[in-house]
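Peer 1: Sequence and computational prediction follow.
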Amino acid sequence: MRHSARLAIGAVAAATLALSGCASGDGGSGGGDEDAAASESICDSADGDGPAIGLAYDVGGVGDQSFNDSAYAGLEKAVEELDATCEEAEAQAGEDDAAREERLRTLIDAGYDTLIGVGYIYSTAAYNVAPDYPEVSFGVIDGFNPTESQEDLPNVANINFAANEASFLVGAAAGLTTETDNVGFIGGTNTPLIQGFEAGYVAGVKEVDPTITVQTQYLAQEDPVKGFENPAGGETAATGMYDNGADVVYHAAGKSGLGLFDAVERAGQGNWAIGVDSDQYLTADKSQKPFILTSALKRIDTGVFEFAESVDSGKQLSGYVTYDLADGGVDYSTSNPKLSQDVIDQLDDYKQQVISGKITVPTEP
Amino acid sequence: MSPDAVAGGGNAAPAVRLTGIAKRFPGVVANSDVDVEIRPGTVHALVGENGAGKSTLMKILYGVQKPDEGTISIAGEEVAFASPADAIARGIGMVFQHFQLADNLSVLENVVLGAERLHGIGARARTEIERISAAYGFALDPDELVETLGVGQRQRVEIVKVLYRGARVIILDEPTAVLVPQEVDALFANLRELKSEGHTLVFISHKLDEVLAIADEITVLRRGTTVATVTPDTVTAHELAELMVGAELPTPSSGESTVTDRTVLEVRGLRVDDAAGRALLDDVDLVIRAGEVLGVAGVEGNGQTELVEAVVGMRSAVAGTIVLAGTDVTRRGTRERRESGVGYIPEDRQRHGLLLDAALWENRILGHQTRPPSVRGLWLDRGGARADTERIVDAYDVRTPGVDTTARALSGGNQQKFLVGREMSGDPVLLVASHPTRGVDVGAQAAIWESIRAARRRGLAVLLVSADLDELIGLSDTIRVVLRGRLAGTFDPRTVTPLELGSAMTGADASEPA
Amino acid sequence: MTTVRRLMVGAAAPALAFVVAAAVTSVVLVAAGDSPADFWRVLLSAPDPRDYVAIANATAVLYLSGLAAAIGFRMNLFNIGVEGQYRVATFAGAVFAGQALLPGALNTAATILVAMAAGAAWAGIAALLRVLRGVSEVISTIMLNAIAVSLVAFLLQKVGRRQGETFRTDTIPESSWVPSFPLVPGESSQVYGLALLAVVAGVGFAVLLNRTRFGFDLRATGHSESAAVASGVNVRRMVVYTLLLSGAVAGLIGMPELFGGSHAYGSTIQTGIGFTGIAVALLGRNHPWGIAVAALIFGYLNQQASPLGVTADISTEIIAVTQGVVVLSVVIAYEVVRRYRVRAEQAEVARQLRRERGAQAVSP
């Protein structure tokens, strides 16, 4: 009896763990299930004769109010303007490259010839699958070339963004706004992609005044769930920074950033938060809006749309395609009226200096 | 409930009548042919050795277990209990030896818990508890936290619980086991009070002086069955003890002595502690020679289990030495000791002797994992194990469909015969046998006894622990008594009387050992 | 009970579990407004040739993971830490192999040993905590999982090199790669060479468990620790050995992919496989063949679920619901069956006793 009771307890514990492993993986889609691939996707009604786009998301899919949603916005635009048809697919938590390859192949088998992987995790899969399908075009957001030879494939484009440049501008905004000479940065995972945000931000702050203190904290080493889907962790980190004297905090932590917005509201008047990827002033709660000074924009929608457009026009992009301040692929937002014209003028001045090459923004901290 | 039962009139129907009760568990017959008649308004004691079937019988009466055969009548009406709730509804309550109270709740809350429908949980409940407490002199404060109560008070809370639920028949399972003498006196006063109010009390114990002091009638259980019902004024404690352990003492049938002068086991100054560092066994000296059976008698819980486990190597000695066939094995593990020829028949065969869900042939390997015929080097010899299991099944008359049958499927007697056969395999030099025939039927008992005698003739040394005095006297060459962790007396089984043994076992004054 | 009846009762548990899982999944689908019919059509459709390869690869890896968990389970030890052991071991193996200290196949063989040692060492921490400090291995291995994930991520950034947005260890020299073999003729994707490790480990597990003294001690301890102690088994030592062995097998999980696919440890490594292994072991009743069947079922479900989003517009995550319910209902079903068996046996014993009593009465 004791034996079986213990077995049962262990089994339930194990099953709980196994399930929570999956559950936490799709935690990101929690709010997104209702508008996920299945129900109201534009792909259900798209029936044009433009490019047939297969969009493969990272875990979570549509509904994250930032990264994946931005890609979906680009898809919508492609359907509207290019008469594209489309299909969406979504990664499973913890899967390996073979599973991602299989997803791409499934999309190809279903007739889609313009495949876009949303997230660098599709890099290896795209490079493995592409040689088998020369007639199919592959685009990977934040992608890279994983091969030893580093030889480009003609049908694979790595769509990159100079997020460090946008971060530089919001860093400058923070530097110009802070009255305590103390600002903060919250990163999701301590990985190269996010370190680029930190590097640009810190450089922007220091450009204004090298004596300003910058507090930096990453929510997780590598675990994307703890890093990007952890509003509670984001709130704790942000509160700590405000308590330590910061009055402007920038996040590059996906959904965890929602915790930052809670924290800044509680910290009250005179404290600011800076959003990331999309213009978060527009999507934030009404009570939190006034606190969102600006956002570092990363126009994934542009990347998705322009890639589809390039395929449609027969001049498919390939190799590394980088969006930066010069072409408007990254930028900062000015929708909060509290961002003074004076600051905007100075930021635009910095922007011109970056574009002209007068200022070089670092990519690593 | 009939008014007669409450009034306790002379010719009233018995409060409880158990007729022909039998209960079998896989491998054990716990009760058979049990007949008990308990008159209303009396204290009825149930006595018997540990394992005699008292607890099972009370669980049947309280609805925890269903009898395989027999009937239960309450106040003349035949009943069948599916659960304790049915028994409670019939006015039966049970006070367990291990209290079932929540420490962090008050007396009131503990009493009301699970019986909220009777008098609510508020003022009415409080009034009822105060009424019960006052009526029987319990002096309990309903608002006191149970964790602040002493043992005697907690027991009274348990009694209040069953009274609150309307019990007329109260079963008390070894109620004095946890009490100091003054508390025992207080308890007895409470019980007499209850009796005078017309309650019927069933008192389970193996402390004979207490039974004689409180009971109106005494039923003796032995080997799962009722052997006698007596009244305290017609019986002495000694007679009661004889009834419990078996009246006629057999002449030692071991025949002429086979004891040699070759020492097989020598224990010197052995001390074994419990986890808290208290001595469970202290200053134990004993010697067993080839061909000698040393019997250890004692009331359970006096250290015999620890002695056996220390000799087998399952418990480590804090002090002293254990020398087996000339080799000091004090610091050796169980496996090494078994390899050097120790056979072990454990007290609880299902817990320590068998893998119940494994086939018999796999059980043959257990305890012999490093020795032929079941093992060759690091590999199991499945063929060898099976063949040798067949041998045991034949030689010891184990009734089983085959060697692939799981041990659990065998009856207790056959499990035990198999176990004895296994432990006699591989020419052991020492057999440590703890209650080797407990819970087995008469036929298996005789077979097991005979195989121990046969091995003794071949020069086996045996350490025999048993609660069955017939068995001890019948098999042993020497009997030692263990009392409170020490070996007390040495007796010659050919001349010892149960009186002498009983006195030595309980620490009372006795004639000097023979 | 007869053997046939025993087998049928044994098969009833998993069958029951799958029926329940299918029902629950269908209910969830209906509740979410998806079509169960589409779901089952996709799930039960014949796999493509390349899917057979993917299923075979997944089955091998799941089998190793299930085996690692089962070794502990057979002794009533709940090594929930297979995931952590797998990560630590695969990382250690990848770093070692990337150094190319040894040539060709020697490097491969040595790497496998290094990975097993690393997995065993990580499990060994839990073993020592258990025997020296009495810490439940369930708790310690869960904690060690969290530590392993962070530790490996941290070390990867230290010793790995950056590639795009990821880090990975040095690529294993090509001479040490293990060639894949074709499963379906003419299909470009192939089965990892080291998938055969699963076969070797499975045979080893079966032999060790059923034919050796060590296996007997292990099973005996799992059946009844008290009986094992009385028979001379040193349970503390067995706990250590068993957890080390479980961790060593966990170290094998990453090898097929490391030498046949990725050739390095990178931040996009497959995760969660250790947890799935626990489910596989439970489903397979910790039996060498059972685990194989369970691994195949899980591999099949994962593979068949992959196109759900594309071809049936159903979120792939639904398959996690199916698998989770299978595991939970299997546990419940086995308990139901166990109780049924005990009752059946008790009835049989009671019958036997009555017969014996009858016989005694006739021949005194």
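Peer 2: Ah, there it is. Residues are numbered from 1 along each chain as shown, chains lettered A, B, ... in the order given.

Peer 1: mind listing the strands in the stretch 101-250 of chain A by residue range?
Peer 2: A:114-118, A:137-141, A:156-161, A:182-189, A:213-220, A:248-252 (DSSP state E, counting those that start in this stretch).

Peer 1: What's the mean pLDDT across the third one?
Peer 2: Looking back up the chat, that one is strand A:156-161. Strand A:156-161 shows a mean pLDDT of 93.

Peer 1: again, but for the last one
Peer 2: For strand A:248-252, the mean pLDDT works out to 95.

Peer 1: anything in that strand near chain C?
Peer 2: No - Strand A:248-252 lies out of reach of chain C by CB under 8 Å from any CB of the partner chain, never closer than 12.8 Å. (C-beta placed from N, C-alpha, C; glycine too.)

Peer 1: Now do the very next helix or strand once past that strand: which elements does it pack against?
Peer 2: Remark: after strand A:248-252, the chain's next helix or strand is helix A:257-267, criterion DSSP states H and E. If you count contacts as 3 or more CB pairs under 8 Å, 6 or more residues apart in numbering or on different chains; DSSP states H and E, helix A:257-267 packs onto helix A:231-243, strand A:248-252, strand A:272-277.

Peer 1: Now do helix A:257-267: distance to the chain's middle.
Peer 2: With CA atoms, centre = their mean, to the nearest Å as the basis, helix A:257-267 stands 19 Å off its chain's centre.

Peer 1: now stretch C:327-340
Peer 2: Distance of stretch C:327-340 from the chain centroid (CA atoms, centre = their mean) equals 19 Å.

Peer 1: What residues of that stretch count as buried?
Peer 2: C:327-335, C:337-338 (16 or more other CB atoms under 10 Å in any protein chain shown).

Peer 1: Give the full set of residues in contact with residue C:62.
Peer 2: Contact analysis of residue C:62 by CB atoms under 8 Å, 6 or more residues apart in numbering or on different chains lists C:273, C:276-277, C:280, C:294-295, C:298-299.

Peer 1: where exactly do the helices run in the chain?
Peer 2: Assuming you mean chain A. Listed in chain order, the helices of chain A (DSSP state H) span A:2-25, A:67-82, A:97-109, A:123-129, A:163-177, A:192-208, A:224-228, A:231-243, A:257-267, A:280-283, A:300-312, A:341-355.

Peer 1: think we crossed wires, I meant chain C
Peer 2: Under DSSP H, chain C gives helices at C:3-31, C:36-44, C:49-73, C:82-99, C:104-133, C:137-159, C:196-211, C:213-223, C:225-230, C:235-250, C:255-257, C:273-283, C:288-305, C:318-362.

Peer 1: any chance of these in CSV, plus mean pLDDT?
Peer 2: Shown next, in CSV, are these (pLDDT from 0 to 100):
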stretch, mean pLDDT
helix C:3-31, 80
helix C:36-44, 87
helix C:49-73, 92
helix C:82-99, 95
helix C:104-133, 95
helix C:137-159, 91
helix C:196-211, 94
helix C:213-223, 93
helix C:225-230, 91
helix C:235-250, 95
helix C:255-257, 93
helix C:273-283, 90
helix C:288-305, 90
helix C:318-362, 71
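
Peer 1: Would you convert those helices into a markdown table that also reports distance to residue A:364?
Peer 2: Formatted as a markdown table, the helices of chain C follow (distance: least, CB to CB, whole Å):
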| stretch | distance to residue A:364 |
| --- | --- |
| helix C:3-31 | 45 |
| helix C:36-44 | 45 |
| helix C:49-73 | 35 |
| helix C:82-99 | 23 |
| helix C:104-133 | 30 |
| helix C:137-159 | 12 |
| helix C:196-211 | 39 |
| helix C:213-223 | 51 |
| helix C:225-230 | 55 |
| helix C:235-250 | 35 |
| helix C:255-257 | 30 |
| helix C:273-283 | 32 |
| helix C:288-305 | 37 |
| helix C:318-362 | 37 |
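
Peer 1: gap between residue A:219 and residue A:234?
Peer 2: Note on residue A:219: its distance to residue A:234, by CB to CB, to the nearest Å, is 7 Å.

Peer 1: Neighbour count for those two, which is higher?
Peer 2: Set side by side, residue A:219 and residue A:234 show more neighbours around residue A:234, with 29 against 26, by other CB atoms under 10 Å in any protein chain shown.

Peer 1: That one contacts residue A:254, correct?
Peer 2: No - Residue A:234 is beyond contact range of residue A:254, at 9.1 Å (criterion: CB atoms under 8 Å).

Peer 1: Identify the residues contacting residue 214.
Peer 2: As the question left the chain open, I've gone with chain A. Residues near residue A:214 by CB under 8 Å, 6+ apart: A:183-185, A:201-202, A:205-206.

Peer 1: You answered for a different chain; I wanted chain C.
Peer 2: Residue C:214 neighbours (CB under 8 Å, 6+ apart): B:378, C:208, C:241.

Peer 1: Just the buried residues of those residues.
Peer 2: Using 16+ other CB under 10 Å, the buried ones in these are C:208, C:241.

Peer 1: which one among the contacts of residue C:214 gets closest to residue B:111?
Peer 2: The closest of these to residue B:111 turns out to be residue C:241 (CB to CB; 52.0 Å).

Peer 1: Domains in chain A, by residue range?
Peer 2: In the domain annotation for chain A, the residue ranges read A:33-161+A:301-323, A:163-297+A:334-355 (automatic domain parsing).

Peer 1: Surely residue A:75 and residue A:53 touch.
Peer 2: Yes - look at residue A:75 against residue A:53 with CB under 8 Å: they come within range, at 6.4 Å.

Peer 1: Can you pull up the most central residue in the chain?
Peer 2: Because you didn't say which chain, this covers chain A. Central residue of chain A (CA atoms, centre = their mean): residue A:67, 3.7 Å from the mean position.

Peer 1: Switch to chain C, please.
Peer 2: Chain C has residue C:66 as the residue nearest its centroid, 1.1 Å off, counting by CA atoms, centre = their mean.

Peer 1: Do I have it right that residue C:57 meets residue C:256?
Peer 2: Yes - at 6.8 Å, residue C:57 and residue C:256 qualify as touching, with contact defined as CB under 8 Å.

Peer 1: Give the residue from these two that has the larger number of neighbours.
Peer 2: Neighbour comparison, residue C:57 and residue C:256: the larger count goes to residue C:57, with 26 against 23 (by other CB under 10 Å).
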